[in-house]
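K.L.:
sequence-free structure coming up:
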């Protein structure tokens, strides 16, 4: 079994990242299909997907149509954007 790190976020999602090959897989340098959690690392923030979902929901509630890019990126103070 190849070893993986488990990154556990505050939103309860877990992401795995490769850590080390098992003996048979080390000969071919290709991870086997069996995974063993070597250690779990608890992170103090939500995953990127949950952060994006919260930011999108907050933008909808506030009526912000700039999608979080600070007022019209890539046309900051340029053409095609409504003036405020």
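P.N.:
Sure thing, it's come through. In this text the structure is predicted, and so the values were computed from the model without any measurement. Numbering: from 1, shown residues only.
K.L.:
Do me a favour and get the backbone dihedrals for the nearest residue to residue 42 once chain neighbours are set aside.
P.N.:
Leaving aside its chain neighbours, residue 42 sits nearest to residue 8 (5.2 Å; criterion: C-beta to C-beta, 6 or more residues apart in numbering). In short, each C-beta sits where N, CA and C put it, glycine included. Residue 8 has phi and psi values of phi -100, psi 120 when expressed as degrees, to the nearest 10.
K.L.:
any chance you could map the helices in this protein?
P.N.:
Taking DSSP state H as the test, the helices found in the chain are 23-28, 48-62.
K.L.:
Pipe those helices into JSON lines and attach mean neighbour count and mean pLDDT per row.
P.N.:
Formatted as JSON lines, the helices of the chain follow (neighbours: other C-beta atoms under 10 Å; pLDDT from 0 to 100):
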{"stretch": "helix 23-28", "mean neighbour count": "11", "mean pLDDT": "88"}
{"stretch": "helix 48-62", "mean neighbour count": "12", "mean pLDDT": "79"}
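K.L.:
Please produce a markdown table containing these, extended by distance to residue 36.
P.N.:
Formatted as a markdown table, the helices of the chain follow (distance: least, C-beta to C-beta, whole Å):
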| stretch | distance to residue 36 |
| --- | --- |
| helix 23-28 | 12 |
| helix 48-62 | 25 |
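K.L.:
coming back round to it: does the residue nearest to residue 42 touch residue 40 like I think?
P.N.:
Yes - distance between residue 8 and residue 40: 5.6 Å, which falls inside the contact criterion (C-beta atoms under 8 Å).
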